[in-house]
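K.L.:
no sequence on this one, just coordinates:
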Ligand SMILES: Nc1ncnc2c1ncn2[C@@H]1O[C@@H]2COP(=O)(O)O[C@H]2[C@H]1O
Ligand SMILES: [Fe+2]
């Protein structure tokens, strides 16, 4: 396992961005259900650059590439260079991890493969791999759970944010909820002895969630491409725009966060599509 990454902050508040589910392709003109995922990702980056939120790093929470191609992972690295910040990442169900390790380990740009961030003096961020290769649902292996518990024991004085790709709370869309994290009870058992765990952050469901579960703040963030509509039994796309999330971790253990969506362009999918 990689060593921990220590991020010294000038301020007592740790600020970062989450981007998730870009679903990039090998070909620049490919689309996912009618949205060109390269164009929507570029627009998210463009509008991030226009904000004045003073973030220090970025978390990319999976489904970076849709077609396992070298080109799309390389393009992701090139595109995020404009942010001039370190980008950490975890795999989603669509990612091909051998290629993530080929291209996302830092040799080609400001990408960092560490999964444990000591963020300032008061926080740690624990990034988990919930991928089960070849299927859309998620599962945390015993190795991931043991690693999580080991880090929580090692840094008992830090507040903790847990990050994974898959969702833990129902979206009330049965087609999507079948692809959730299957062993949530194992995650809960791992976390429950540690009072300083404050939040759980994920992607995967292409929609915003800001909720609480057993005292943890649970956050999910719009994809940078297509959006899924909540509360729909059948596969249903939403007309909401691509987005990202700003997060602040405060020294008293509070998390302040907001979702932003692009405003200067409109991306609409083909609403007749029934899946991918
Ligand atoms: N019509 C559908 N019914 C069930 N699952 C689907 C459908 N279309 C796509 N999916 C899967 O659901 C997943 C949800 O988000 P992902 O981007 O991980 O990838 C999606 C596909 O793997
Ligand atoms: Fe996903």
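P.N.:
Cool, got the structure. Computed from a predicted structure; not experimentally measured. Ligands and ions are numbered 1, 2, ... in the order given.

K.L.:
My read is that residue 54 contacts residue 15, right?
P.N.:
Yes. Here residue 54 reaches residue 15: they are 5.9 Å apart, a contact under CB atoms under 8 Å. Any C-beta I mention is one placed from the backbone N, CA and C, and that applies to glycine too.

K.L.:
Which one's more surrounded, those two?
P.N.:
residue 15 (18 against 11; other CB atoms under 10 Å).

K.L.:
OK, contacts around the residue of the stretch 101-250 of the chain found nearest ligand 2?
P.N.:
Among all residues of the stretch 101-250 of the chain, residue 204 sits closest to ligand 2, at 3.9 Å; criterion: CB to the ion. Contacts for residue 204 (CB atoms under 8 Å, 6 or more residues apart in numbering) come out as 20-21, 61-63, 92-93, 138, 165-167, 179, 220.

K.L.:
which of those are close to ligand 1?
P.N.:
Contacts with ligand 1 within the contacts of residue 204, counted by CB under 6 Å from any ligand atom: 21, 63, 93, 179.

K.L.:
out of these, who has the most neighbours?
P.N.:
residue 21 (28 neighbours).

K.L.:
hang on, isn't that residue packed against residue 92?
P.N.:
Yes. Under the criterion of CB under 8 Å, residue 21 makes contact with residue 92 at 6.6 Å.

K.L.:
Find the residues that touch each one of these two.
P.N.:
Taking CB under 8 Å, 6+ apart as the criterion, residue 21 and residue 92 both touch 61-63, 203-204.

K.L.:
Tell me the one of the residues you listed nearest residue 269?
P.N.:
Distance to residue 269 across the shared contacts of residue 21 and residue 92 (CB to CB) is lowest for residue 63, with 15.7 Å.

K.L.:
for that closest one, what are its contacts?
P.N.:
So residue 63 contacts 20-23, 92-95, 165, 203-204, 223 (CB under 8 Å, 6+ apart).

K.L.:
please redo it, this time with the cut-off set to 7 Å
P.N.:
21, 23, 92-95, 203-204 (CB atoms under 7 Å, 6 or more residues apart in numbering).

K.L.:
Cross those residues against strands and list the overlap.
P.N.:
Assignment to strands by DSSP state E places none of the contacts of residue 63 there.
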